[in-house]
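S.K.: just need the structure, nothing else, for what follows:
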Amino acid sequence: MSVYRFDSETGKVTLLSQVEGSLNPDFLALSNDNKFVYACNVGVKTSVEGEVSAFKFDKATGKLTLINKVPGRGNNPVHISIDKENKNVLVSYYSSGSVSVFPIKADGSLDTISQRIVYTGAGPHRNQKGPHVHMTKFSDDGKTVLVADLGTDRVLLYNYDNTKAQPLTPADPAVELMSPADGPRHMEFSPNEKFLYVIQELSASLRVYKYDKGKLAFVQMTNMMPEGYDKNGAADLHISPDGNFLYASVRGDADKVILYAINKQNGKLTYVDQYSVSKAPRGFTIDPTGSFLISAGRDGNTIDFFKIDKPTGKLTKTDTKIDLAQVTCLKWVVVD
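M.R.: Numbers count the residues shown, from 1 in each chain. Now for the predicted structure:
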């Protein structure tokens, strides 16, 4: 794990700190007060149980200090999220097809698992021999959690109450089915939370839903790649802070970030442009001001920086880059 300072005026990047060791972090989440960082740590092999780590974070210096790490009771953790009151961490496990809830103690450390949900089922695609949970997503009010199960083509919905030891209970309805072999991977709400966008790894497509207090209504599906594309690489998606544009990445042999305009009235997407990025853009992020997009090329071992033209959403690659091996997740912290 590495921490850099980025100067949005000059584009200069400065390394502040690094955490050495064999933690092998895959995905990161910051507490809402930015005082703690949590990481899901992949085992040496995906068949080996992963761990979850808690770090104290000093945003003035960028220093990360390990507080503790706990067993994950799941294989190949690929995503981690935190509720808005910093009460629980939720971890998604791809290989074991499960979600685990870890309570957060007062000092920021993690307690042992309070709830574990293990899914069953499979899909028609060769990569769907079992359930593969890839993300949990909290609604803005913190009362709903959505779970993307790539292996069974489902988005599952839960009511969430962090006053309970087991905070997740199935909503009604509890499941939204995708098309066979879609593989829902990541999800993103529009800034006003009227719409939910789902990127689907296996079909390289995007789904749009109207969202209202835990209820989903299908609006649109659009393919990211030409018909017949079968590299199974759709990865990440993010929306500009003004809600005007959606960006989505696709890997395989494409290695693109694709830009869509958002119709704010009905949520529908219209293709605008696409941009080449470093190989295997598994994760990317947009800075809080909406001025920059940064893409992590896991197999290209490079982080690319793009300037965003806010009126059009279009990207221009800058001269700034970071060479970093196997980078998968990027997070911003605003420094006063």
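
S.K.: what are the buried residues along stretch 152-159?
M.R.: Across stretch 152-159, burial judged by 16 or more other Cβ atoms under 10 Å covers T152, D153, R154, V155, L156, L157, Y158. (Each C-beta comes from the backbone N, C-alpha and C, glycine too.)

S.K.: same check, this time on stretch 195-209
M.R.: For stretch 195-209, burial by neighbour count (16+ other Cβ under 10 Å) applies to 195-209.

S.K.: nearest spatial neighbour of S8, chain-adjacent residues omitted?
M.R.: Excluding the flanking residues, the one nearest S8 by Cβ to Cβ, 6 or more residues apart in numbering is S291, at 6.0 Å.

S.K.: can you give me the neighbour number for the one you found?
M.R.: 15 (other Cβ atoms under 10 Å).

S.K.: next, give phi and psi for the closest residue to A60 other than its chain neighbours.
M.R.: Nearest residue to A60, sequence neighbours excluded (Cβ to Cβ, 6+ apart): V335, at 7.1 Å. The phi and psi values for V335, taken as degrees, to the nearest 10, are phi -100, psi 130.

S.K.: biggest separation within the buried residues of stretch 152-159, which pair?
M.R.: Greatest spacing in these, by Cβ to Cβ: D153 and Y158 (17.9 Å).

S.K.: need the pLDDT of the residue nearest to S8.
M.R.: Per-residue confidence for S291 comes out at a pLDDT of 94.

S.K.: which strand runs longest in this protein?
M.R.: strand 63-75 (DSSP state E).

S.K.: ok, back up a step: how close does the residue nearest to A60 sit to L146?
M.R.: 31 Å (Cβ to Cβ, to the nearest Å).

S.K.: hang on, the earlier thing: check contacts around the residue nearest to S8.
M.R.: Neighbouring residues of S291 by Cβ atoms under 8 Å, 6 or more residues apart in numbering: S8, K307, I308, K310.

S.K.: run through the bridge partners of the residue nearest to K256 when sequence neighbours are not counted.
M.R.: Ranked by Cβ to Cβ, 6+ apart and with sequence neighbours excluded, the top spatial neighbour of K256 is Q274, at 4.8 Å. Counting by DSSP bridges, Q274 is bridged to I258.

S.K.: ok, Q274 touching L259?
M.R.: Yes: counting by Cβ atoms under 8 Å, Q274 touches L259, with 6.7 Å between them.

S.K.: who has more neighbours, the two?
M.R.: L259 (23 against 18).

S.K.: burial count for F292?
M.R.: The burial count for F292: 20, using other Cβ under 10 Å.

S.K.: not counting sequence-adjacent ones, nearest residue to R207?
M.R.: Of all residues not flanking R207 in the chain, V198 sits nearest, at 4.4 Å (Cβ to Cβ, 6+ apart).

S.K.: hey, what's that neighbour bridged with?
M.R.: Beta-bridge partners for V198, by DSSP bridges, are M187, R207.

S.K.: residue contacts, it?
M.R.: A148, V155, M178, P184, R185, H186, M187, L206, R207, V208, Y209.

S.K.: quick check: the last one touching F195?
M.R.: Think Y209. Yes: between Y209 and F195 there is a contact under Cβ under 8 Å: 6.6 Å.

S.K.: what is in contact with these two at once?
M.R.: Counting by Cβ under 8 Å, 6+ apart, the residues touching both Y209 and F195 are V219, G267.

S.K.: ok, D287 - contacts?
M.R.: F6, S8, L293, I294, W332.

S.K.: name the nearest of those relative to L324.
M.R.: Using Cβ to Cβ, these come closest to L324 at I294, 11.5 Å.

S.K.: and that closest one, what pLDDT?
M.R.: So I294 comes in at 97 (pLDDT).

S.K.: quick one: it and G283 touch, right?
M.R.: No: judged on Cβ under 8 Å, I294 makes no contact with G283 at a distance of 9.4 Å.

S.K.: which neighbours do those two have in common?
M.R.: Listed as contacting both I294 and G283 by Cβ under 8 Å, 6+ apart are L330.

S.K.: buried residues of stretch 271-291, list them for me.
M.R.: Those buried within stretch 271-291 under the rule 16+ other Cβ under 10 Å are 274-275, 277-278, 280-287, 290.

S.K.: about what we covered before: the residue nearest to A60 touches F57, doesn't it?
M.R.: No: counting by Cβ under 8 Å, V335 does not reach F57; the two are 11.7 Å apart.
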